[in-house]
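*Asks:* One predicted model, sequence on top.
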Amino acid sequence: MESTKTEVKPYSAEGSKREQVEKMFDSISHKYDFLNHFLSMGIDHVWRRKAIARLKDIQPKKVLDVATGTADLAIAALKLNPDEVVGIDLSENMLGVGRTKLKKKGFDNITLMQGDSEDLPFEDNHFDAITVGFGVRNYENLERGLNEMKRVLRPGGKLVVLEFSKPSAFPIKQFFTFYSKYILPLWGKLFSGSQEAYVYLPESVKHFPEGQHFIDILSKCGYQNTSFSRLTFGITSVYEGTK
C-alpha cells in the first residue's frame, strides 16, 4: 500500500489537499469538539491521556502540538508540567475555538498559531517533544511533514502520534466499517452541516499507512526507537519515535 502517494481529499480532485483540509476544518470548527466527543462516545479523552503519558519519561519542557485543532491535545500536555506548549494548525477557525477554550479555562501558558505542518516556523532542535493527534493523515506530503517535525525536535526528543487505524478483529471490524460508512457521515452532516468532512474522515483512515507501515516510514525519515501500540480494539494507535 503506497499511502504516501494515494491522495484522499475532502472535496474534489481540483485544488491542493492542504487548501481543502484548511477549508474543511474551517467549515466544521463550530461543532468539532462536540462531534469529537459525541462520535467517540467520550473515549477520545482517554486516547489523548494515553498518548501524552508516552512523554513522561523525557519530562519535556518545550512541547509542540502539530495540527492542534482546538487545542485538546495541547491542553492534555500540560500534565507534563512543561515550560512552553505551542499549538500550530492550518485552520484559523479551529484555532479561534481553541483560543476561546483556553481563555475560559485560564490556560495562558499555551500559544496557538496558524501555520503549515510541512513548513514549521521554528528553528532547528527547538522542542523536547512533538505531538500530533489525528492530524498526520491530513498531511499533503507525509514524509515531508515527518522530516519537518524531526528538524525542529532536539536530539533525543520524542515524537508521539495518535491516529485512527482500522480494527481487524470480529466483530469490531464489521461494526467500525458500518459506522464509518453510514453513521458517521449522517451524524456529521446533521450536526456540522458538512457531509463531505465526515465522508473524508473514514476515507483518509482507509488510506493511511497504519501500523508497521507507518513505523517503516518513521524509520525511513530517520526516527529511532520507533514503536506503536493499538488502543480500544485497534480503533486508534499511538506511535513513538525519537530523534
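*Replies:* All right, it came through fine. Residues are numbered from 1 along each chain as shown.
*Asks:* quick one, helices of the protein?
*Replies:* Per DSSP state H, the chain has helices spanning 17-28, 32-39, 43-53, 72-76, 92-105, 142-152, 172-178, 184-192, 195-207, 212-220. These are given in chain order.
*Asks:* Quick one: work out the angle between the last one and helix 142-152.
*Replies:* Going by axes from the mean of the first three to the mean of the last three CA atoms, to 10 degrees, helix 212-220 is angled at 50 degrees with respect to helix 142-152.
*Asks:* Give the buried residues for helix 212-220.
*Replies:* Using 16 or more other CB atoms under 10 Å as the burial criterion, the residues of helix 212-220 that qualify are F214, I215, I217, L218. For every residue, glycine as well, the C-beta is placed using N, CA and C.
*Asks:* quick one: low-confidence ranges for this protein?
*Replies:* Flagging of the chain using pLDDT under 70 yields the residue ranges 1-6, 10, 13-14, 39, 188, 191-195.
*Asks:* longest strand in it, by residue count?
*Replies:* If each strand of the chain is counted by residues according to DSSP state E, the longest one is strand 153-164.
*Asks:* Name the residues of that one that are buried.
*Replies:* In terms of neighbour count (16+ other CB under 10 Å), strand 153-164 has its buried residues at L153, R154, G157, K158, L159, V160, V161, L162, E163, F164.
*Asks:* Stretch 45-54 now?
*Replies:* By neighbour count, and taking 16+ other CB under 10 Å as the criterion, the buried residues in stretch 45-54 are W47, R48, K50, A51, I52, R54.
*Asks:* Out of these, which comes closest to D119?
*Replies:* Sorting those by distance to D119 puts A51 at the head of the list, at 24.1 Å, by CB to CB.
*Asks:* my read: the closest one touches Y239, true?
*Replies:* No - counting by CB atoms under 8 Å, A51 does not reach Y239; the two are 9.3 Å apart.
*Asks:* Would you enumerate the residues in contact with the residue lying closest to S29 once chain neighbours are set aside?
*Replies:* Closest residue in space to S29, ignoring its immediate chain neighbours: N93 at 3.9 Å, by CB to CB, 6 or more residues apart in numbering. Residues in contact with N93, defined by CB atoms under 8 Å, 6 or more residues apart in numbering, are F25, D26, S27, S29, H30.
*Asks:* Could you do R230 as well?
*Replies:* S165, T236, S237.
*Asks:* do the same with S16
*Replies:* Shown here is S16, whose contacts under the criterion CB under 8 Å, 6+ apart are E140.
*Asks:* Make residue 1 into 44 and carry on from there
*Replies:* With the count now opening at 44, the last piece we talked about shows up as S59.
*Asks:* Relative to D115, how far out is it?
*Replies:* Separation of S59 from D115 (CB to CB, to the nearest Å) stands at 26 Å.
*Asks:* With Y241 instead?
*Replies:* Using CB to CB, one obtains 18 Å as the distance from Y241 to D115.
*Asks:* Quickly name whichever of the buried residues of helix 255-263 is closest to E161.
*Replies:* I260 (14.5 Å).
*Asks:* thought that closest one was touching N184?
*Replies:* No - applying CB under 8 Å as the test, I260 and N184 come out as separate, 11.5 Å apart.
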